[in-house]
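Engineer: What would the 3D arrangement of this be:
(2 chains)
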Number of protein chains: 2
Amino acid sequence: MARVEPLPTVRFADGSVRIIDQTLLPSRYEIVSLATVALVCEAIRSLRVRGAPAIGIAGAYGILVALLEARTKSLRELCECLADATRRIGATRPTAVNLSWALDRMRSVWENATEGRAMVDALAHEADAILAEDLSMSAAMTSHGATLLRSADAVLTHCNTGGLATGGGGTALGAVFAAVGEGRRIHVFANETRPLLQGARLTAWECAQRGVPVTVLVEGAAASLLASGRVASVWVGADRIAANGDVANKVGTLGLAVLARRAGVPFYVVAPSSSIDTSRASGADIPIEHRPHDEVIRFGGVATAPEGIDAYNPAFDVTPAELIDAIVTERGVHRPPYHFARVG
Amino acid sequence: MARVEPLPTVRFADGSVRIIDQTLLPSRYEIVSLATVALVCEAIRSLRVRGAPAIGIAGAYGILVALLEARTKSLRELCECLADATRRIGATRPTAVNLSWALDRMRSVWENATEGRAMVDALAHEADAILAEDLSMSAAMTSHGATLLRSADAVLTHCNTGGLATGGGGTALGAVFAAVGEGRRIHVFANETRPLLQGARLTAWECAQRGVPVTVLVEGAAASLLASGRVASVWVGADRIAANGDVANKVGTLGLAVLARRAGVPFYVVAPSSSIDTSRASGADIPIEHRPHDEVIRFGGVATAPEGIDAYNPAFDVTPAELIDAIVTERGVHRPPYHFARVG
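Structural biologist: Modelled structure (predicted):
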């Protein structure tokens, strides 16, 4: 099995969360350092770091930043600072469950701590473990996903689900890279993914970096592309998966799933088990983030609609499990009907 | 019945085709004069004037410009100039049938002419008739379409199908304005319509001009909006309708039709009979224009994807008749099964 080299999407060094600033890609590749909780929150909210697994890792390391920011040695006061940071970071984006999942893991460390120095070490260890597990889950799920790809397949992707969306190894696009790494030729059709163009900007960039042929299209062109028979399968990630297999993911995913089903094209979701929220029975229980109107009615500072026009800008939608042909996690390829239960 | 005042989308004055330059909207409203066939072709190709009925009218008036440009009094040489202009204008955009339909009407005038002065008068008369008929077809079809709208309806539109897409009276969006003119309250959800944003730029502008409430969304958000039950009906225009009722229209229309059917939301097409091409048995026979990659991978001069990335940019798609609940023309509301036959 070929190993796909991960991107340094989120790391921790010198007391800062270090991220690839994804708002600057593809024109600039820049690692920025986030040395305060406020900067971590701003980076997550403005999508400098995005992708459900990636913001989970950034959130966990954000707790280490909060520790360093805290001007106290008292364990009680430290815990108050961490509780405050947890609230602030957790409030940045509501849909991806990985963020609260990672913050909950960190919380269980500091809530159970009895002594400051040991707590600091344990928190650093837990955040590093979250990143390491993410990389290892990526390696496993992309390898499972690659089994669904044949040579000469063209695939259609939505948003960005490569290394940039995770600790570095990717989810759905990672599966494509894994198949390419195993010697198969795959052509990627990348939905540009309005409003923030993660497909055109980030998926195309990752494909270009790895020499994988990629063609960008507007979302409106996906229907005729799928109907043309040129696409072998559709690949997306997930921001949150309910117990019944309903998937909240980047807005536009539901439409793609409906079109894929009509065209008889398999529709695959790839996500780590940290994206599964067994506390939500179905997609109806998943909160959907609505984002600022300016993302839709302005582009690069230029108005694309008359001033003051209203916009509808949900960041996510929910795809019912019935439209999903497989959900691939680090544990393997799950087929419907889906019943995800709490593990461990 | 309330009369909706038409926009001066395409007119002829002082030897020029005068159009609202739609590439400048919504930031600037500017009438530009096209005094040469080359300028007419450029304006159609670059979508300064767009919308199937509008480019038909612009093409017809383009023939008058060709007449004025011709430096000859010989009838035979004049006809050669007109044949050349017909070829050049006709080649600008292949999908909308109205362009070749209007040029064919003009051709039948100059091919049958026996004397220069009379031919000039007859051509001017024919072009004016094409505009006048378009305005009258708009009045009739928008009035028929309005019968399908109830007060408090929210509708979803794609691309721009208002006065800007026609001689001034509109097709699908014109029906909404007609219903509003009759006193009904209608809320317009406007798909922004990538890549050229005719929904965000033009539909939102026309709604704002007429005081009709409008909300802009990205194409990817249409699926969850339709699934939410907030939309009473979907309204689109047509660039060409085959004899069996298949409709070629702005890319993204097919996807909307599939999603509307799944959500149980009626899907309506509004177009003049000049958009019906009875020579095409089905949508498979309609040529689909593919446009430059830069429309997808650049925005306002700024790269939105890595340099040199490939793009898939069909300007249109074909919606099968089975997904269309009604086709509204100036003759009335047609219901499936559709059988359009040559008239006259």
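Engineer: And the lengthiest helix in chain A, what's buried?
Structural biologist: As assigned by DSSP state H, the longest helix anywhere in chain A is helix A:116-146. Neighbour-count burial for helix A:116-146, with 16 or more other Cβ atoms under 10 Å in any protein chain shown as criterion, is recorded at A:116, A:119-120, A:122-124, A:126-128, A:130-131, A:133-135, A:137-146. C-betas here are computed from N, CA, C, even on glycine.
Engineer: Which strands border the helix or strand just after it, and is each parallel or antiparallel?
Structural biologist: Sequence-wise, the next helix or strand downstream of helix A:116-146 (DSSP states H and E) is strand A:153-157. With DSSP bridges as the test, strand A:153-157 is paired with strand A:186-191 (parallel), strand A:233-236 (parallel).
Engineer: I'd like those written out as TSV, with distance to B:Ser274 and mean pLDDT added.
Structural biologist: Formatted as TSV, the strands paired with strand A:153-157 follow (distance: least, Cβ to Cβ, whole Å; pLDDT from 0 to 100):
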stretch	distance to B:Ser274	mean pLDDT
strand A:186-191	34	98
strand A:233-236	38	98
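Engineer: out of the ones you listed, nearest to B:Asn313?
Structural biologist: Ranking these by proximity to B:Asn313 (Cβ to Cβ) places strand A:186-191 first, at 12.1 Å.
Engineer: How far does the closest one sit from its chain's centre?
Structural biologist: Strand A:186-191 has its C-alpha centroid displaced from the chain centroid by 18 Å (Cα atoms, centre = their mean, to the nearest Å).
Engineer: now swap in stretch A:151-164 and tell me
Structural biologist: The answer for stretch A:151-164 is 14 Å, by Cα atoms, centre = their mean.
Engineer: who's in contact with A:Glu219?
Structural biologist: A:Asn191, A:Glu192, A:Thr193, A:Arg194, A:Gly252, A:Gly255, B:Arg194, B:Val218, B:Glu219, B:Gly220, B:Gly252, B:Gly255 (Cβ atoms under 8 Å, 6 or more residues apart in numbering or on different chains).
Engineer: what about it, distance to B:Glu126?
Structural biologist: Using Cβ to Cβ, to the nearest Å, A:Glu219 is found at 41 Å from B:Glu126.
Engineer: In space, what's closest to A:Ala221 - neighbours in sequence excluded?
Structural biologist: Among residues not flanking A:Ala221 along the chain, B:Val251 sits closest, at 5.1 Å (Cβ to Cβ, 6 or more residues apart in numbering or on different chains).
Engineer: Burial check on the one you found, number of neighbours?
Structural biologist: 32 (other Cβ atoms under 10 Å in any protein chain shown).
Engineer: contacting residues for it?
Structural biologist: A:Val218, A:Gly220, A:Ala221, A:Ser224, B:Pro314, B:Ala315, B:Phe316, B:Asp317.
Engineer: Name the SS class of the fourth one, please.
Structural biologist: Reduced to three states with DSSP: H, G, I helix; E, B strand; the rest coil, the structure at A:Ser224 is helix.
Engineer: if I read this right, it contacts B:Asp317, doesn't it?
Structural biologist: Yes: the pair A:Ser224 / B:Asp317 is scored as a contact, 3.9 Å apart, by Cβ atoms under 8 Å.
Engineer: joint contacts of the two?
Structural biologist: Joint contacts of A:Ser224 and B:Asp317 (Cβ under 8 Å, 6+ apart) are B:Val251, B:Leu254, B:Ile288.
Engineer: residues contacting the residue at the greatest distance from the centre of chain A?
Structural biologist: In chain A, the greatest distance from the average C-alpha position (Cα atoms, centre = their mean) is reached by A:Ser74, at 35.7 Å. A:Ser74 sits next to A:Gly116 when contact means Cβ under 8 Å, 6+ apart.
Engineer: cutoff 7 Å now
Structural biologist: Contacts for A:Ser74 (Cβ atoms under 7 Å, 6 or more residues apart in numbering or on different chains) come out as none.
Engineer: Next one: it from chain B, what distance?
Structural biologist: Taking Cβ to the nearest Cβ, to the nearest Å as the measure, A:Ser74 falls 48 Å from chain B.
Engineer: likewise A:Arg50?
Structural biologist: A:Arg50 is 16 Å from chain B, where distance means Cβ to the nearest Cβ.
Engineer: Which phi and psi values does that residue adopt?
Structural biologist: For A:Arg50, the backbone dihedrals (degrees, to the nearest 10) come out as phi -150, psi 170.
Engineer: quick one: it and A:Gln22 touch, right?
Structural biologist: Yes: the criterion here is Cβ atoms under 7 Å, and A:Arg50 meets it with A:Gln22 at 6.0 Å.
Engineer: Pull up the gap between A:Asp294 and B:Pro26, please.
Structural biologist: Shown here: A:Asp294 relative to B:Pro26, a distance of 15 Å by Cβ to Cβ.
Engineer: Who has more neighbours out of the two?
Structural biologist: Here A:Asp294 and B:Pro26 are compared on neighbour count by other Cβ under 10 Å; more neighbours surround B:Pro26, at 21 against 13.
Engineer: sorry, back to before: give me the buried subset of the contacts of B:Val251.
Structural biologist: Buried members of the contacts of B:Val251, scored by 16+ other Cβ under 10 Å, are A:Val218, A:Gly220, A:Ala221, A:Ser224, B:Pro314, B:Ala315, B:Phe316, B:Asp317.
Engineer: among the residues you listed, which are in strands?
Structural biologist: Residues from those lying in strands, with DSSP state E as the criterion: B:Phe316, B:Asp317.
Engineer: so A:Pro26 sits in a helix?
Structural biologist: No: A:Pro26 is assigned coil when assessed by three-state DSSP, not a helix.
Engineer: these two touch, right, it and B:Thr304?
Structural biologist: No: judged on Cβ under 7 Å, A:Pro26 makes no contact with B:Thr304 at a distance of 8.5 Å.
Engineer: overlap in contacts of those two?
Structural biologist: Common contacts of A:Pro26 and B:Thr304, defined by Cβ under 7 Å, 6+ apart, comprise A:Arg201.
Engineer: wait, what's in contact with the closest residue in space to A:Ser138 that isn't next to it in sequence?
Structural biologist: Nearest non-adjacent residue to A:Ser138, counting by Cβ to Cβ, 6+ apart: A:Gly169, 2.6 Å away. A:Gly169 makes contact with A:Val4, A:Pro6, A:Leu135, A:Ser138, A:Ala139, A:Thr142, A:Gly163, according to Cβ under 7 Å, 6+ apart.
Engineer: so A:Gly169, which of the three states?
Structural biologist: For A:Gly169, the assignment made with three-state DSSP gives coil.
Engineer: repeat for A:Pro287
Structural biologist: Assigned with three-state DSSP, A:Pro287 falls in the coil class.
Engineer: Show the pLDDT at it.
Structural biologist: The model reports A:Pro287 with a pLDDT of 96.
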